[in-house]
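S.K.: Task: produce atomic coordinates for the following.
(2 chains, ligands or ions: 1)
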Amino acid sequence: MMKLLLVVGIILLAPLLGGLLTGIDRVVTARLQGRQGPPLLQPFYDVLKLISKETTEVNSMHRFFVYVSLIFVIFTTVLLLSGGDVLLAIFALTLGSVFFVLGGYASNSPYSTIGSERELLQIMAYEPMVLLACFGLYYVDRSFFVKDIIASPYPAVIFLPGVFIGFTYILTFKLRKSPFDLSMSHHGHQEIVKGITTEYSGRDLAVIEVTHWYETVIVLALTYIFFANANPFSHVLAVFACLVIFFLEIIIDNTFARVKWQQALTSAWVVTAVLSTVNLFILSYFR
Amino acid sequence: MSFIKKSPWILHYDGSSCNGCDIEVLACLTPLYDVERFGVINTGNPKHADILLITGSVNEQNIPVVKQLYEQMADPKVVVAVGICANSGGIFAECYNVVGGVDKVIPVDVYVPGCAARPEAIIDGVVQGIGVLEEKRARAKKKIPAKQQNGV
Ligand code: SF4
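M.R.: A predicted model of the protein is given here:
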């Protein structure tokens, strides 16, 4: 019974948190640009509006993929926040992204096809780092389960500083922020309009938005795992670290221009190769 | 509670404007006017937009473009004609290729006068457009057909 309540709680509260974070993001971004910015709850207004709008259907598969993607992302969120297996969560998250890409391909629109191709490139760029972060966490605590990792005597980040920095680097891809927002940026008016989401409207677009809220919570949960340990005070520190990382991403988003895909891919791989492998090597030497 | 009033997303299309009105439209997004305060986003994508802002008159070449943009937008939708060119053809009305105002091709809900229309007037037009949007949404919900406009 408690378990069920927890799952329902996570499913309902995670998007609320994600939406609120998106609202904070928009306000902070506006302030950084010298504007007043929208109200804090603007992302919720947007999604509720989209739900009340007409949904144009390009073809039936096109819509289907978005909902499947949402289900996998929700599964990932529940798994991570209820102390489950990090590795399984990562795989479910990847599957969610792949379905999202398939949705882009399904519409046959040139914009979303190019968006899908770029999204695949981005997955290629960040996925090795995410996996290595998982392995690093396992290496430190000998368990893939979140509940074991956050119950260890020391925070994982002490052993994995390189992995953590590398992970922060690829968060920019996951949060769809500049300079790595090649496939679908938060801002319209680009060479590929809105990338994968170009052909979606109404309810489907709302679902994509909510999926992104869940994803925001997922990446911050992964950040959290690096800091939390048996000491109750460390959880406060972990929340603080999440906020710092999120704020850092907003600043990066506003200060960097978008890079070419070659640069995005190679830089992500170089960071992954250098920081995480060196980190893991040193770790293996001392243990 | 209707949320369409709180998040009107805009699509800006330049018919055959002299770019004067376009610059004023873009000025609305700058820190001085900052329309994002009202939840307005300049989407650049008809499928995401609620309000179609057209500047400049319609000419023979872009009639199909304007029609297609309008048709791709999801209901409820509103058209705001910005600048005197978009209202009636303005100083270009007599040109051999100019058809006239936007309302010759698609139904226009709000006319924003001026040459160039001032940012304040544009924001005012968008806010009136939001009112029309809400009306249309309520009507669509009750399944009352939209009234015939401009004989289009
Ligand atoms: S109304 Fe005036 S400023 Fe606007 S497009 Fe026409 S001529 Fe240019």
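S.K.: When you work out contacts or count neighbours from here on, use the C-alpha atoms and nothing else.
M.R.: OK.
S.K.: Poorly predicted segments of the chain, please.
M.R.: Unless you meant another one, I'm taking chain A. A:185-190 (pLDDT under 70).
S.K.: actually it's chain B I care about, not the one you picked
M.R.: B:1, B:143-152.
S.K.: List the buried residues of the longest helix along chain B.
M.R.: Longest helix of chain B, by residue count under DSSP state H: helix B:119-141. The neighbour-count check on helix B:119-141 (16 or more other Cα atoms under 10 Å in any protein chain shown) flags B:119, B:121-123, B:125-127, B:129-130, B:132-134, B:136-137 as buried.
S.K.: OK, contacts around residue A:51?
M.R.: A:202, A:203, A:206 (Cα atoms under 8 Å, 6 or more residues apart in numbering or on different chains).
S.K.: From residue A:202, how far off is it?
M.R.: 6 Å (Cα to Cα, to the nearest Å).
S.K.: Next: residue A:70.
M.R.: 16 Å.
S.K.: Could you confirm residue A:220 falls within a strand?
M.R.: No. Membership of residue A:220 in a strand is not supported by DSSP: H, G, I helix; E, B strand; the rest coil, which gives helix.
S.K.: can you tell me the helix or strand for the residue nearest to it when sequence neighbours are not counted?
M.R.: Leaving aside its chain neighbours, residue A:220 sits nearest to residue A:242 (5.8 Å; criterion: Cα to Cα, 6 or more residues apart in numbering or on different chains). Element membership of residue A:242 [criterion: DSSP states H and E] is helix A:232-255.
S.K.: Please name every helix or strand in contact with whichever helix or strand comes after that helix.
M.R.: Per DSSP H and E, helix A:232-255 leads on to helix A:261-271 as the next helix or strand towards the C-terminus. For helix A:261-271, the packing partners by 3 or more Cα pairs under 8 Å, 6 or more residues apart in numbering or on different chains; DSSP states H and E come out as helix A:110-141, helix A:161-174.
S.K.: The ligand: which of those is closest?
M.R.: Among these, helix A:110-141 comes nearest to the ligand, with 29.3 Å by Cα to the nearest ligand atom.
S.K.: does chain B sit close to the closest one?
M.R.: No. Helix A:110-141 stays clear of chain B (Cα under 8 Å from any Cα of the partner chain), getting no nearer than 10.9 Å.
S.K.: counting contacts, what elements does the helix or strand following that helix pack onto?
M.R.: Proceeding N to C from helix A:110-141, the next assigned helix or strand is helix A:146-149, under DSSP H and E. Here helix A:146-149 touches helix A:110-141, going by 3+ Cα pairs under 8 Å, 6+ apart.
S.K.: cutoff 10 Å now
M.R.: Under the contact criterion of 3 or more Cα pairs under 10 Å, 6 or more residues apart in numbering or on different chains; DSSP states H and E, helix A:146-149 touches helix A:60-81, helix A:86-106, helix A:110-141, helix A:202-227.
S.K.: angle of the shortest one against helix A:110-141?
M.R.: In this structure, helix A:86-106 runs at an angle of 170 degrees to helix A:110-141, with axes from the mean of the first three to the mean of the last three Cα atoms, to 10 degrees as the basis.
S.K.: likewise the first one?
M.R.: If you take the same axes, to 10 degrees, helix A:60-81 sits at 20 degrees to helix A:110-141.
S.K.: Which residues of the stretch 1-150 of chain A lie near chain B?
M.R.: A:26-27, A:30-31, A:33-39, A:41-56 (Cα under 10 Å from any Cα of the partner chain).
S.K.: Which among the residues you listed count as buried?
M.R.: Buried, going by 16+ other Cα under 10 Å: A:26-27, A:30, A:35-39, A:41-56, out of the residues of the stretch 1-150 of chain A next to chain B.
S.K.: From these, which land in helices?
M.R.: Reading helices off these with DSSP H, I get A:26-27, A:30, A:42-52.
S.K.: biggest separation within those residues, which pair?
M.R.: A:30 and A:52 (26.8 Å; Cα to Cα).
S.K.: got the buried residues for the helix holding residue A:242?
M.R.: Within helix A:232-255, judged by 16+ other Cα under 10 Å, the buried ones are A:234-235, A:238-239, A:241-243, A:245-247, A:249-251, A:253-254.
S.K.: Contacts made by that helix with the rest, please.
M.R.: A:21, A:24-26, A:28-30, A:32-33, A:150-151, A:154-155, A:168-169, A:171-172, A:175-181, A:216-217, A:219-229 (Cα atoms under 10 Å, 6 or more residues apart in numbering or on different chains).
S.K.: Please spell out the ChimeraX selection for the buried subset of these.
M.R.: Selecting only the buried entries of those in ChimeraX, with 16+ other Cα under 10 Å as the criterion:
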select /A:21,24,25,26,28,29,30,150,154,155,168,169,171,172,175,176,177,178,179,180,181,216,217,219,220,221,222,223,224,225,226,227,228,229
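S.K.: Give me the distance between residue B:19 and chain A.
M.R.: With the distance defined as Cα to the nearest Cα, to the nearest Å, residue B:19 ends up 17 Å from chain A.
S.K.: helix, strand or coil for residue 108?
M.R.: No chain specified, so I'll use chain A. Quick answer, by three-state DSSP: residue A:108 is coil.
S.K.: how much space between it and the ligand?
M.R.: 35 Å (Cα to the nearest ligand atom, to the nearest Å).
S.K.: could you list every residue that touches that residue?
M.R.: A:58, A:59, A:62, A:114, A:199.
S.K.: Would you reformat those residues as CSV and include neighbour count?
M.R.: Below are the contacts of residue A:108 laid out as CSV (neighbours: other Cα atoms under 10 Å in any protein chain shown):
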residue, neighbour count
A:58, 15
A:59, 11
A:62, 21
A:114, 19
A:199, 26
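S.K.: For the residues you listed, work out which two are farthest apart.
M.R.: A:59 and A:114 (18.4 Å).
S.K.: Could you report the neighbour count for the nearest residue to residue A:69 once chain neighbours are set aside?
M.R.: Of all residues not flanking residue A:69 in the chain, residue A:96 sits nearest, at 4.2 Å (Cα to Cα, 6+ apart). As a burial measure, residue A:96 scores 25 neighbours (other Cα atoms under 10 Å in any protein chain shown).
S.K.: And residue A:71, by the same measure?
M.R.: Counted with other Cα under 10 Å, residues neighbouring residue A:71 total 16.
S.K.: how much space is there between the closest residue to it other than its chain neighbours and residue A:135?
M.R.: Counting by Cα to Cα, 6+ apart, residue A:71 lies nearest to residue A:96, which is 7.7 Å off, once chain neighbours are set aside. From residue A:96 across to residue A:135, the span is 21 Å (Cα to Cα).
S.K.: Next: residue B:73.
M.R.: From residue B:73 to residue A:135 the distance is 47 Å (Cα to Cα).
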